[in-house]
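Student: here is the input, now give the coordinates:
(2 chains)
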Amino acid sequence: MLNMSTIVYVPRDSSALSVGAEKVASAISQEAAKRGMAVTIVRNGSRGLYWLETMVEVATDKGRVAYGPVKAADVSGLFEANFLNTEAASAKAHPLNLGLTEELAWLKQQQRLTFARVGITDPVSLEDYLAHDGYQGLKNALALSAADIVKTVTDSGLRGRGGAAFPTGIKWNTVLGCAADQKYIVCNADEGDSGTYSDRMIMENDPYVLIEGMTIAGIAVGATQGYIYLRSEYPHALAVLNEAIAKAEQAGYLGDKILGLPYGFNLEVRRAAGAYVCGEETSLLESLEGKRGLVRFKPPLPAIEGLFGKPTVVNNVISLATVPIILHKGAQYYADYGMGRSRGTLPIQLAGNIKQGGLVELAFGITLRELLYDYGGGSASGRPIKAVQVGGPLGAFLPESQFDTPLDYEAFSAIWAVLGHGGIVAFDDTVDMAKMARYAFEFCAIESCGKCTPCRIGSTRGVEVMDKIIAGTDRVKNIKLVRDLSDTMLNGSLCALGGMTPYPVLSAINHFPEDFNINDATV
Amino acid sequence: MQDTLIDQALSVQAGWTEKLDQLIAQYKSIPGALLPLLHAIQDELTYIPESAYPKIAQALSLSVAEVHGVVSFYHHFKTHKPGRHVLQICRAESCQAMGSEALEAHAKQCLSIDYHETSQDQAVTLEPVYCLGNCALSPAVMMDEEIFGRVSKADLEALIQDAIKTEAHA
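Tutor: This is a model prediction of the structure:
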């Protein structure tokens, strides 16, 4: 029936693995062997439609046909339905048949620039990367002067996707302008915010785009050594990155003479060790130097005195992974997406109590409501969505009345919220916001580096006061105390950990006073 | 004091002293060597014995207190041998929104232990974790280096029973 081997794609992304992708892959290969059918299984990345994982795709003349969510137990039924022959009526009628992947509305309506290849290619295949526009950005960068590369990044309007939203090109320009015998590119891959996984997806599913972005950064500012500081909770990303780096070295894309040219750039992955605060750039640098991750005073800026005292670019994974497409397609191409001062696209991550969780890359400007309902399909539990937390554990909780806010750095600032790294965690109406406020303080107490008093002591006092409020002791007085404490932490902390813990705390009180048993948010 | 440390070093595992020397030689010259070295030790032994501190300190020109300070700062580093398996349950917001609290309580009850403790049969050490990056498929847990999503109480119980029956992962 089939005279050549059919290509079947089964993701190797760790979220897909978490719901059984490995078992699905081996069931397909066993079942094919049993039936004497030739299949070639490619372990691709995930398309990011996580509620459909494990999503299996079959290559056809018209494109890939998707099936999902597939469990290992579904595999023999798929073979019975002749799923490798996607034209067969029985294959079309199979309940898990989703049709052509590219036609899935959830995917089709996205604007995937940074994630252009994610889910399509075999992550560790350099040939695949090159066949899908890989290293086109580097090629263009090599024809430009260092200053022109930096200018291209500046003109694109790219702002730090880690959360601080500082213009990437301006940071690079500072490092370019420093004279030093050694400079560094450091990739912050300590993605610790709950509700975020876009860095993990890039590293596991398209590692070469990060390697290429860091190489371009190195050439632009004159840095010859790069480090990826990767959280220890991501063992799959570690394995993929190390394999990709070794292959890039072998092919001459990394090393002392990149592609035989007089540019050197070497890259190494360093494992973090489970400290959330090391996602703060100066704490990260201390950790890379082999020390406790204590936050440094600024100035000096890391761009001037960073790793081992040398000028250092510290950028988030997504910022660096966006550089190749900017250099490939041009600054204007990227800047044409977005709104206001938020240019380009944001890889948004839908998480928590959401029916259709996954990765949505879109130009800035889409509203929370569209994301939660059009893409997310509402809550997973089927109950009303009561609150969302945007931007990780230091982000504000937003009530339904703010769901029409567009995703834009300035629009979020205006409602005392942050976009952060683009993670959106939904909660249904069973959530107790007083408990969430207590948790915010507790998390800060667990993760505080201890250097500054407002964060170290304030977080513990915050937990104690929240316990009193929850127990119903002197509620009004204690809420005033939480506000006072939050003011101290906001204004007196050394970094965002202590300085932004008040965002979830105060937004919970202000928007959900009923959960604190007070009727009036002005208390 | 020195004698106790030597005794401890001998009791770690056969050939450990030589292995430690080898790891130190391998890592001591790289920039910022301490964390990579500590990871290598923990990869080898599943924890970092205090008896290794003096040698590490000497090789990297640090004080023993500085080594201790670094080991104790990071949640990932363990100073005591964990059980044959380490079960991490995500406590972060996304998993809370999908019922991780019930999972935590269930794990503690199944194993009759609290966080940072090891079950009496030495099978499982229970640890909290703050995000595994599997937030679209919350709640999530990790057993050794294997990740699981959309975990129900029954799934968790099966995982724990499996861990109790099996030897340590390689």
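Student: C-alpha from now on. contacts and neighbour counts both.
Tutor: OK.
Student: for chain B, what are the nearby residues on the stretch 401-523 of chain A?
Tutor: With Cα under 8 Å from any Cα of the partner chain as the criterion, the stretch 401-523 of chain A meets chain B at residues A:425-428, A:431.
Student: just those residues: which are in helices?
Tutor: Judged by DSSP state H, these include no members of helices.
Student: can you say which of those are buried?
Tutor: Among those, those scoring as buried are A:425-428, A:431 (criterion: 16 or more other Cα atoms under 10 Å in any protein chain shown).
Student: can I get those in CSV including pLDDT?
Tutor: Below are those laid out as CSV (pLDDT from 0 to 100):
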residue, pLDDT
A:Val425, 98
A:Ala426, 98
A:Phe427, 98
A:Asp428, 98
A:Val431, 98
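Student: which two in those are spaced the farthest apart?
Tutor: In terms of Cα to Cα, those reach their longest pairwise distance at A:Val425 and A:Val431, which sit 12.1 Å apart.
Student: tell me the SS of A:Leu398?
Tutor: strand (DSSP: H, G, I helix; E, B strand; the rest coil).
Student: I'd say it and A:Asp404 touch.
Tutor: No. At 10.5 Å, A:Leu398 does not count as touching A:Asp404 under the criterion of Cα atoms under 8 Å.
Student: neighbour-wise, which of these two wins?
Tutor: Each of A:Leu398 and A:Asp404 has its neighbours counted (other Cα atoms under 10 Å in any protein chain shown); A:Leu398 has more, 25 against 12.
Student: re earlier: could I get the residues of the stretch 401-523 of chain A next to chain B as TSV with distance to A:Pro299?
Tutor: Converted to TSV, those look like this (distance: Cα to Cα, whole Å):
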residue	distance to A:Pro299
A:Val425	34
A:Ala426	37
A:Phe427	39
A:Asp428	43
A:Val431	41
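Student: first vs last residue of stretch A:386-394, how far apart are they?
Tutor: 18 Å (Cα to Cα, to the nearest Å).
Student: contacts for that stretch next, please.
Tutor: Contacts made with stretch A:386-394 from outside it, assessed by Cα atoms under 8 Å, 6 or more residues apart in numbering or on different chains, are listed as A:163, A:193-196, A:395-400, A:417-429, A:431, A:440, A:496-497, A:500-504, B:93.
Student: now, which of those lie within strands?
Tutor: Of the contacts of stretch A:386-394, the ones assigned to strands by DSSP state E are A:397-399, A:423-428.
Student: out of those residues, who's nearest A:Cys452?
Tutor: A:Phe397 (25.4 Å).
Student: so what's the residue count around that closest one?
Tutor: As a measure of burial, A:Phe397 has 34 neighbours, counting by other Cα under 10 Å.
Student: quick one: pLDDT of the closest residue to it other than its chain neighbours?
Tutor: In space, A:Phe397 comes closest to A:Gln389 once its chain neighbours are excluded; the distance is 4.4 Å by Cα to Cα, 6 or more residues apart in numbering or on different chains. In the predicted model, A:Gln389 carries a pLDDT score of 98.
Student: what of B:Gln13?
Tutor: Residue-level pLDDT assigned to B:Gln13 equals 81.
Student: re earlier: overlap in contacts, A:Val425 and A:Val431.
Tutor: B:Ala97.
Student: what about the nearest residue to B:Leu60 once chain neighbours are set aside, distance to A:Val24?
Tutor: Nearest residue to B:Leu60 in three dimensions, chain neighbours excluded: B:Lys28, at 6.3 Å (Cα to Cα, 6+ apart). According to Cα to Cα, B:Lys28 and A:Val24 sit 43 Å apart.
Student: give the helix, strand or coil label for the residue nearest to A:Phe397.
Tutor: Strictly by three-state DSSP, A:Gln389 counts as strand.
Student: kindly report the same for A:Ala25.
Tutor: Reducing the assignment to helix, strand or coil with three-state DSSP, the entry for A:Ala25 is helix.
Student: for it, which non-adjacent residue is closest in space?
Tutor: The shortest distance from A:Ala25 to any residue that is not its chain neighbour, by Cα to Cα, 6+ apart, is 6.2 Å, and that residue is A:Val10.
Student: how about the contacts made by that neighbour?
Tutor: Residues in contact with A:Val10 (Cα under 8 Å, 6+ apart) are A:21, A:24-25, A:41-44, A:54-57.
Student: and those, which of them are in strands?
Tutor: Per DSSP E, strands hold the following members of the contacts of A:Val10: A:41-42, A:56-57.
Student: count of neighbours near A:Leu107?
Tutor: Neighbour number of A:Leu107 under other Cα under 10 Å is 18.
Student: the helix or strand containing it - what's its average pLDDT?
Tutor: Using DSSP states H and E, A:Leu107 falls within helix A:105-108. For helix A:105-108, the mean per-residue pLDDT is 97.
Student: check which helices and strands whichever helix or strand comes after it sits against.
Tutor: Beyond helix A:105-108 in the direction of the C-terminus, DSSP H and E gives the next helix or strand as helix A:126-131. Based on contacts counted as 3 or more Cα pairs under 8 Å, 6 or more residues apart in numbering or on different chains; DSSP states H and E, the elements that helix A:126-131 packs against are helix A:235-250.
Student: re earlier: please identify which of the contacts of A:Val10 is nearest to B:Ala107.
Tutor: Here the nearest of the contacts of A:Val10 to B:Ala107, counting by Cα to Cα, is A:Ala21; it sits at 24.7 Å.
Student: alpha carbons of the helix or strand that contains B:Gln26, as CSV, please.
Tutor: When secondary structure is defined using DSSP H and E, the element that contains B:Gln26 is helix B:16-27. Coordinates of each C-alpha in helix B:16-27 appear next as CSV, following Å, rounded to 0.1, in the frame of the first residue of the first chain:
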residue,chain,number,x,y,z
TRP,B,16,35.4,8.5,46.4
THR,B,17,38.6,10.3,47.5
GLU,B,18,40.2,9.6,44.1
LYS,B,19,37.1,10.6,42.3
LEU,B,20,36.9,13.9,44.1
ASP,B,21,40.5,14.6,43.3
GLN,B,22,39.8,13.9,39.7
LEU,B,23,36.7,16.2,39.6
ILE,B,24,38.6,19.0,41.3
ALA,B,25,41.4,18.6,38.7
GLN,B,26,38.9,18.7,35.9
TYR,B,27,37.1,21.8,37.0
